[in-house]
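Asker: Take a look and give me a structure for this.
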Amino acid sequence: MIKQMTQKISKKAVLITAAVTAAILIIAVIALCVCMFVRADKYYAEARLLDRAVIESTSIAETLKASHGDLTKASQLMTSHSQIDITENTLTLYYDDKLNPTSQAAHTCRAVITRTSISDAGNAFEYTISFFATDTGAEFYSITFKAL
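Answerer: This is a model prediction of the structure:
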């Protein structure tokens, strides 16, 4: 009789242990899936922002080439931008968190275009287009090119 009770208890203990182990394993797998989903979403957002920065840089570069080094003329060609800051050799454009043009007051990102003359005649320039996050000040994309 005692032997049968011990066997029944041990079978119940094994079943309970197996059920608890299975539950812990399922919870761990669900937690891992949630963490991976959150991480994938973060990487997707970063990749999308970089993709948009590349598209904007290409557009800015073509506009700068078309203006033949004249930043004022380039700013006039960028009609989608509501506010642009211009100095002698820099142009600052303002963007929202999805890199759509916006005003300086509402911006979360900015692009700073720096022009450097690379010839004595003054007709060849090197441009650096850098995108910065406003909250951290960190640069997240930059490209340099030369134009005649």
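Asker: tell me how far the ends of stretch 100-118 are from each other?
Answerer: Counting by Cα to Cα, to the nearest Å, you get 31 Å between the two ends of stretch 100-118.
Asker: Check which residues of it are buried.
Answerer: For stretch 100-118, burial by neighbour count (16 or more other Cβ atoms under 10 Å) applies to 101-102, 107, 109-115. Just so you know, the C-beta spots here come from the backbone N, C-alpha and C atoms, and that holds for glycine as well.
Asker: again with stretch 34-50
Answerer: Buried residues in stretch 34-50, defined by neighbour count with 16+ other Cβ under 10 Å: residue 49.
Asker: In space, what's closest to residue 130 - neighbours in sequence excluded?
Answerer: In this structure, residue 130 finds its nearest non-sequential neighbour in residue 142, 4.3 Å apart by Cβ to Cβ, 6 or more residues apart in numbering.
Asker: How is that neighbour assigned, secondary-structure-wise?
Answerer: strand (DSSP: H, G, I helix; E, B strand; the rest coil).
Asker: again with residue 39
Answerer: For residue 39, the secondary-structure state derived from three-state DSSP is helix.
Asker: Show the pLDDT at it.
Answerer: On pLDDT, residue 39 comes in at 95.
Asker: And it, how far from residue 86?
Answerer: 40 Å (Cβ to Cβ, to the nearest Å).
Asker: Helices along this structure, start to end?
Answerer: Counting by DSSP state H, the chain forms helices over residues 2-66, 71-77, given from the N-terminal end onward.
Asker: so what pLDDT did the residue nearest to residue 73 when sequence neighbours are not counted get?
Answerer: Counting by Cβ to Cβ, 6+ apart, the nearest residue to residue 73 once its immediate chain neighbours are dropped is residue 67, at 4.1 Å. For residue 67, the model assigns a pLDDT of 87.
Asker: How about residue 92?
Answerer: Confidence at residue 92, expressed as pLDDT, is 95.
Asker: and the gap between the closest residue in space to it that isn't next to it in sequence and residue 48?
Answerer: With Cβ to Cβ, 6+ apart as the measure, residue 85 is the residue that lies nearest to residue 92, at 4.1 Å, once sequence neighbours are left out. When Cβ to Cβ is the yardstick, residue 85 and residue 48 sit 26 Å from each other.
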